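Undergrad: sequence-free structure coming up:
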């Protein structure tokens, strides 16, 4: 009887373990679809900002961590841009610039974005951001 | 022609131009001076022109970024806008 109980307990524990693992596997892709907390923090603190060319830039000189984080995201962005540019028969720069227009539009108040001059940095306010005249 | 000139410098006149008198020689020298002055003037003008050229070359200092962007046409951006918006929505981890 005790044998059975312990065996039952073990198997139920194992089930819990499997369930937890399955839950992790199911949750993992969903969490990858959200911003990394470090990235989210860098955005809201103004350590990184959206550039006119469709990539992340540094309004202030970045820490090595922030630089690594932004470089990593920029490489991934370029990868996506390259795929979509090819699908649309345009250059990566054209696609990236268009994505930059959109990304600047979608900045939240308080986040940094590059001014249309491609040099200075602005903080997104409540209203529409200043964008390049070619942005839709 | 003086005797001294005859003994010290002029070789025997073998052709017509060589038989020219002293005043004639002076005229030749004057022409030489005039040419030197002309050359000086040309060099001065050339120098100022080069100087002016240097200044105009120095003027532009930030055209690179702008030139890159000029190649992107507005119509292309408009055509891609919806696609780019979808791309951003499909990749919320990197945007």
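TA: It's in. Note that the coordinates shown come from a computational prediction; the quantities given were computed from them, not determined experimentally. Numbering: from 1, shown residues only, chains lettered A, B, ... in the order given.
Undergrad: and chain A, which of its residues are near chain B?
TA: A:32-36, A:52, A:73, A:76-77, A:80-81, A:84, A:88, A:90, A:93-95, A:97-99, A:101-103, A:106, A:118-119, A:132-136 (CB under 8 Å from any CB of the partner chain). Backbone N, C-alpha and C define where each C-beta goes, glycine included.
Undergrad: buried among these? Make that a ChimeraX selection.
TA: To isolate the buried members of these in ChimeraX, using 16 or more other CB atoms under 10 Å in any protein chain shown:
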select /A:52,73,77,80,81,84,88,90,93,94,95,97,98,99,101,102,103,106,118,132,134,135,136
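Undergrad: report how many residues lie close to residue 38.
TA: Answering for chain A, as no chain was given. For residue A:38, the neighbour count with other CB atoms under 10 Å in any protein chain shown is 13.
Undergrad: that's the wrong chain, I meant chain B
TA: Per other CB under 10 Å, the neighbour tally for residue B:38 reads 10.
Undergrad: could you look up the SS state of it?
TA: helix (DSSP: H, G, I helix; E, B strand; the rest coil).
Undergrad: how near is it to residue B:45?
TA: Residue B:38 sits 11 Å away from residue B:45, going by CB to CB, to the nearest Å.
Undergrad: again, but for residue A:77
TA: As for residue A:77, its distance to residue B:45 is 56 Å (criterion: CB to CB).
Undergrad: just residue A:115 next, same as before
TA: For residue A:115 relative to residue B:45 (CB to CB), the value is 46 Å.
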